[in-house]
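# compute the structure for the input listed below.
(chains A and B)
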There are 2 protein chains.
Amino acid sequence: MKHIAILGLGVVGKGTADLLEKNRALIEARIGEAVNIKYILDLRDFPGTPYETRVVHDFSIIENDPEIELVAETMGGAHPAYDFSMACLKAGKSVVTSNKEVVATFGEELLATARANGVSYAFEASVGGGIPIIRPLVNDFISNEIVEISGILNGTTNYILTQMKDYGKTYADALSEAQAKGYAEKDPTADVDGIDTCRKICILTALATGALPNAKEVGTIGIRGVDSADVKLLDKHAYAVKLLGRMQMQGGKPCLLVAPFVCGKASPLAHVDDVFNGITVCGQTLGQTMFYGRGAGADPTASAVANDILSILKDGKDSFAPAFHAAANDEVLPSAQFSCRRYVRTDADKAAVEAVLGSVTDLGGAYITDKSFTEAEFDAAAAKLGNMSALRVL
Amino acid sequence: MKHIAILGLGVVGKGTADLLEKNRALIEARIGEAVNIKYILDLRDFPGTPYETRVVHDFSIIENDPEIELVAETMGGAHPAYDFSMACLKAGKSVVTSNKEVVATFGEELLATARANGVSYAFEASVGGGIPIIRPLVNDFISNEIVEISGILNGTTNYILTQMKDYGKTYADALSEAQAKGYAEKDPTADVDGIDTCRKICILTALATGALPNAKEVGTIGIRGVDSADVKLLDKHAYAVKLLGRMQMQGGKPCLLVAPFVCGKASPLAHVDDVFNGITVCGQTLGQTMFYGRGAGADPTASAVANDILSILKDGKDSFAPAFHAAANDEVLPSAQFSCRRYVRTDADKAAVEAVLGSVTDLGGAYITDKSFTEAEFDAAAAKLGNMSALRVL
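Residues are numbered from 1 along each chain as shown, chains lettered A, B, ... in the order given. Coordinates of the predicted model:
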């Protein structure tokens, strides 16, 4: 019998507990032993639930119980999630988490502490919900240099953009509906301003390159400014607007940008709709792959947490042992150097646009450039065109 | 320094050798040691190539060299690929392969022999080319019961069907073009009759359930009979026809079928075009995921072979250790029980169709049923409708 504890019985924590209970037989068959949730740390008591007798309010009970091999941190927020995770690792307990804020901020220290104590720190659920992406990125691209990652990493914003595309809604109306349905929070800042997406592309970059970018230094443009007129015009030409977290390698260094991008139908990301997530990973020899699935919600996220738990408990020693360090200043290129094609909607005619941006594809009142521009190059060119609506192109 | 051998310097074998040479520095950094291709077994000599000095024509040189830790079998065909693989495993050498025929036919024995000799038998490249699917299916669905797998697993047929859809070509014309471009072989039987797809869905089923179905007993319908009139009509309504290998769990047992399926645009498989592959895996709690990428070609397939090589060499002991057995008669349901909705194009009017098939969606001269039918149920119903063109629906 393997004993574990869960920190926080919220949506993900309860989903994880429910999954481990429901699949008890399957799990015992697969890892060769039963898994017992001995403690659940929460401020609440949960009377009348199957978890009632396991609730504790004092973290030190978990920290000091040598029977506890592994702790699932599903609390969210930076503190005390980080502090409890560190304490568990130091006490020789593996930790798995769904907490992208903690991984993106303290990942280096947590991984190093896990290594130093001979245990694991795993975080499959921190990116892409239930989609297996963290472990495949570490384990299954070992023969290839990863040259680009582009991801629809936030279900809330993808739901809003899909509503704008499929039903002609404005951003404001789509957001209200997402809030009414519980897909968006009352304060939607972390989602719609791209903060959540930014943390996730930083984590993926760390796994691909070994250097964790500082999320606060990554250019991050959310979807508040996406104009439904552009979404509608682009949809007519089979393009979709998607909030992407992107990393492109330039001369051996990663360059990151989070922004709404125009995706053509040849890209698999254009077809990832509603609350689904999709992540393309391009290997230098492998070419493009995509990982797709439910990026949020109790069940998918709990599946990822449970998978980490079982992978660690199964062999005693997990094969997943990534290492990364907080990137030094010169290890990551500034987002201003991110380079991509552009979409512009303007009253200027095609000749005027081409005089400034080079050859373009004409969408009728809007244009997509053939060549790529860095942020600075485009800003300089755009100034010559005056009033317009502009987007980046995948 | 780790020493390996490659059996067969064809497209995949040469791609693997080239990738290991090109990424020498990256590989040494990632696995902590250089990898040396000591021998290449081939009937030819390759004078003037960098591999000239390593070519051997006698397999026993490899088998008997204790320095060789691992052998990459990229020969294709059942024999002598199977025999050489067995000999290597018995000599204590791990084997990696791209050979789905060998895995689908002799997988149980090869995996058991690997286990008995403390080495690995890995076959990421046997399904989905460069797409990481084999290892994720084994390692990253451990907390979930897999309830369904549906895959576009053959690039040649997907190219042909995409040409029929996007350019209105007939099957015969699209096949000729695929042959001219080198995507299809002169004798296209294994591809267009679904034999290749069948082997692959059998391998995926074995990994998901532990029981390897006998490919020869799986209902396998290829694409020769796909009518461009149906492809065209369906395309107008945003449906695509795809050759799928499918496995659905029914009452705890897998039921397999290989056939062309109509895919609606809400399915990510509908957007997998040209030579790309896509595989959806549905976990009971996780919901649907998809893995997408290049399913064939030297570079992607070589990436998968190289990834297996490096995963094994990296830790000495690979974490990938699946086990499956050749399925007994009662472990796999007959394909006749496979159940899905149906598409029919018929001169009968909607009322006549609904009288036989229940409520339908009207596509104008064609219909998609709301309810599912097993093969037998549908055949019985269809007999009442007389002449028609019919397809299964995903």
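# thought A:Asp318 was touching A:Ile312?
Yes - assessed by CB atoms under 8 Å, A:Asp318 is found in contact with A:Ile312 at 4.6 Å. Any C-beta I mention is one placed from the backbone N, CA and C, and that applies to glycine too.
# ok, these two, which is more surrounded?
Higher neighbour count among A:Asp318 and A:Ile312: A:Ile312, with 25 against 20, using other CB atoms under 10 Å in any protein chain shown.
# so that one makes contact with A:Val96?
Yes - at 6.9 Å, A:Ile312 counts as touching A:Val96 under the criterion of CB under 8 Å.
# mind listing the shared neighbours of the two?
Listed as contacting both A:Ile312 and A:Val96 by CB atoms under 8 Å, 6 or more residues apart in numbering or on different chains are A:70, A:120, A:122.
# quick one: the residues you listed as TSV, columns for distance to B:Thr74 and pLDDT too.
Shown next, in TSV, are the shared contacts of A:Ile312 and A:Val96 (distance: CB to CB, whole Å; pLDDT from 0 to 100):
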residue	distance to B:Thr74	pLDDT
A:Leu70	40	98
A:Ser120	34	95
A:Ala122	34	97
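# from those residues, which is closest to A:Tyr82?
Among the shared contacts of A:Ile312 and A:Val96, A:Ala122 lies closest to A:Tyr82 (CB to CB), at 15.5 Å.
# so where does the nearest residue to that closest one once chain neighbours are set aside fall, helix or strand?
With CB to CB, 6 or more residues apart in numbering or on different chains as the criterion, A:Ala122 has its nearest non-adjacent residue at 4.1 Å, and that residue is A:Asp308. Per DSSP states H and E, A:Asp308 falls inside helix A:298-315.
# would you say A:Val147 is within a helix?
No - assessed with DSSP: H, G, I helix; E, B strand; the rest coil, A:Val147 is strand; it does not lie in a helix.
# dump the residue contacts of it.
When contacts are counted by CB under 8 Å, 6+ apart, A:Val147 touches A:248-249, A:282-284.
# so which of the residues you listed belong to strands?
Mapping the contacts of A:Val147 onto strands (DSSP state E) picks out A:248-249, A:282-283.
# so which strand or helix has A:Gln163?
Judged by DSSP H and E, A:Gln163 forms part of helix A:155-167.
# that helix: which residues count as buried?
Within helix A:155-167, the residues that count as buried by 16 or more other CB atoms under 10 Å in any protein chain shown are A:155-165.
# for the residues you listed, give me a markdown table that also has pLDDT and distance to B:Phe291.
Shown next, in a markdown table, are the buried residues of helix A:155-167 (pLDDT from 0 to 100; distance: CB to CB, whole Å):
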| residue | pLDDT | distance to B:Phe291 |
| --- | --- | --- |
| A:Gly155 | 95 | 19 |
| A:Thr156 | 95 | 24 |
| A:Thr157 | 97 | 24 |
| A:Asn158 | 97 | 19 |
| A:Tyr159 | 96 | 23 |
| A:Ile160 | 97 | 27 |
| A:Leu161 | 98 | 24 |
| A:Thr162 | 97 | 22 |
| A:Gln163 | 97 | 27 |
| A:Met164 | 97 | 28 |
| A:Lys165 | 97 | 25 |
